[in-house]
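Asker: fold the following, please.
(2 chains)
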Amino acid sequence: MSIEIEGSSHRVFFEEAGSGVPLLCLHTAGADSRQYRHLLNDPAITNLYRVIAFDMPYHGRSNPPDGWWLRKYRLTTACYVSTIRAFWQALDLVRPVVMGCSMGGAIVLKIAADYQSELRGVIGLESSAYAPGRYNEYLHHPAIHGGELVASYTYGLCAPTSPEASARENWWYYSQSGPGVYAGDVHYYSIDWDGRDEVKRIDTSRCKVSLLTGSYDYSCTPDMTREVAKSIPGSKLVIMEGMGHFPMIENYPVFRKFLLPELEAMARMP
Amino acid sequence: MSQETSTFAFTVPWLNRMQQRINADPEMEAIGDWFTTAFSLTCGEGRYILRFERGKLVEITQSPRLDVRCAFGFRASPEIWAKFFAKEPEPLYHDFFAMLMRVPGFVLEGDTLVAMQNARALHRAMNVMRTVQPS
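Answerer: Predicted coordinates for the structure are as follows:
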């Protein structure tokens, strides 16, 4: 699908399954929508929701925009919101639930603050309003294999108790990102993003907020999500014991037990 | 844990068992062709240099003299290392990248570029070492 984002055309890939309330899923930094493959195949969810997962520009099967070779890829909060909004409008989604993980879990807070009257709710996986510390210059460096570094750098974000094959699958996804794409995403996540004031504008009587964070997540620690929950009265906080930073891919059978009650509650929203 | 935190230390017999485990590791066999470097492990006042050649841990030097070279190293207190090597590590101590980000007393010293050039094999080596419990 081609959509217009900040004045230029982008070819964006997405997958969908199911019918019902739109559920828009946002992948993590440097990854793509394959992370949601279990969710897209779970009848308990697809019977309630039209699950849609898209690859951000530069990621997975979505192309970068024309002229990408002339500029350094640097995601910003504004560009990220514009991209999600453009995709949402292109599919004409009515009162969706938006769920994102990590950088996606951060931006859903901004989406909720800005568009709360147009949403049923947001589900923030590994959500933080402010997450410094993940950026370093080695993430895109000519003397380092970026795919192997980025995949190894993020592998330990999975819980040691998660099934190895699932964590390795996420490693593989990470190893496949384009040069500098993870670094460009982390620029948003760890440098540009600061939603600590904006999250206070979210009215949970209009837009439900569920925050689910794994106990082993060291990028967005449980305490970081607790801070978000404190700033949003009426939000629901769930700390997922034995889970890491990538619940939808690293340990889906356990994750769905935490997720389903939140989705069922949001599906009942008018 | 089978070793008290306060008395945690690397020992030659333990490192030798780690060496056997690493050198028998099929993943290291698959990925280690270019893993030729040396790094130090420092725990309190105890220091060792581990030298790798093509993914095999070929030499362990205890209390190295100044003429034993290494590119980089990990340094931490006995208390921090004990948490890393715990059978069931607590969050933030379950991975060396986690510790580098969240545990200020865990330090990557020396040429960090070389460490990150070898990130995949280095990560594997440290994770394999963690599966060998102190005796």
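
Asker: how about the helices of the chain, start to end?
Answerer: Just so you know, I chose chain A. A:37-40, A:43-46, A:77-90, A:103-115, A:146-155, A:164-175, A:181-186, A:222-231, A:247-250, A:252-267 (DSSP state H).

Asker: hm, I was asking about chain B
Answerer: B:12-23, B:26-31, B:78-84, B:96-102, B:112-117, B:119-130.

Asker: show me what contacts the closest residue to chain B within chain A?
Answerer: Closest residue of chain A to chain B, C-beta to the nearest C-beta: A:G156 (2.8 Å). C-betas here are computed from N, CA, C, even on glycine. When contacts are counted by C-beta atoms under 8 Å, 6 or more residues apart in numbering or on different chains, A:G156 touches A:Y218, B:H94, B:D95, B:F96, B:F97, B:A98, B:H123.

Asker: repeat that for A:P65.
Answerer: By C-beta under 8 Å, 6+ apart, the contact set of A:P65 is A:I5, A:S8, A:S9, A:H10, A:P57.

Asker: switch the cut-off to 10 Å
Answerer: By C-beta atoms under 10 Å, 6 or more residues apart in numbering or on different chains, the contact set of A:P65 is A:I5, A:E6, A:G7, A:S8, A:S9, A:H10, A:R11, A:P57, A:Y58, A:R71.

Asker: roughly how far apart are A:A151 and A:H141?
Answerer: 15 Å (C-beta to C-beta, to the nearest Å).

Asker: near chain B, which residues of chain A? Just list them.
Answerer: Contacts of chain A with chain B, taken as C-beta under 10 Å from any C-beta of the partner chain, map to A:133-134, A:136-139, A:141, A:143-145, A:147-161, A:171, A:175, A:214-219, A:221-222, A:241-242, A:244.

Asker: give me that answer again for 6 Å
Answerer: Chain A comes close to chain B at residues A:G133, A:Y138, A:I144, A:E148, A:L149, A:S152, A:Y153, A:G156, A:P160, A:S215, A:Y216, A:Y218, as judged by C-beta under 6 Å from any C-beta of the partner chain.

Asker: what's the straight distance from one end of stretch A:85-105 to the other?
Answerer: 15 Å (C-alpha to C-alpha, to the nearest Å).

Asker: phi, psi of whichever residue of chain B sits closest to chain A?
Answerer: Minimum separation of chain B from chain A (C-beta to the nearest C-beta) falls at B:D95, amounting to 2.8 Å. B:D95 has phi and psi values of phi -160, psi 140 when expressed as degrees, to the nearest 10.

Asker: ok, now the one 10 residues further on?
Answerer: Its backbone dihedrals place B:G105 at phi -80, psi 0, with angles given as degrees, to the nearest 10.

Asker: so it makes contact with B:W81?
Answerer: No: using C-beta atoms under 6 Å as the test, B:G105 is too far from B:W81 to be in contact (9.9 Å).

Asker: neighbour count winner among those two?
Answerer: Neighbours were counted for B:G105 and for B:W81 using other C-beta atoms under 10 Å in any protein chain shown; B:W81 has more, 27 against 11.

Asker: test my guess that the more buried one contacts B:L41.
Answerer: No: contact criterion C-beta under 6 Å: B:W81 and B:L41 do not qualify, at 8.3 Å.

Asker: how long is stretch A:157-169 from one end to the other?
Answerer: Chord length of stretch A:157-169, first to last residue, is 13 Å (C-alpha to C-alpha).

Asker: any idea how many residues pack against residue 118?
Answerer: No chain in the question, so chain A it is. 15.

Asker: that's the wrong chain, I meant chain B
Answerer: B:N118: 26 neighbours (other C-beta under 10 Å).

Asker: can you check the one 3 residues further on too?
Answerer: Number of residues near B:A121 (other C-beta under 10 Å) recorded here: 24.

Asker: is it correct that it is in contact with B:F35?
Answerer: Yes: the pair B:A121 and B:F35 qualifies as a contact (C-beta under 6 Å) at a distance of 3.8 Å.

Asker: if I look at A:C207, how far off is A:V97?
Answerer: Taken as C-beta to C-beta, the span from A:C207 to A:V97 is 10 Å.

Asker: likewise for A:L75?
Answerer: 23 Å.

Asker: for chain B, what lies in contact range of chain A?
Answerer: B:91-92, B:94-95, B:97-98, B:101-102, B:116-117, B:119-120, B:123.
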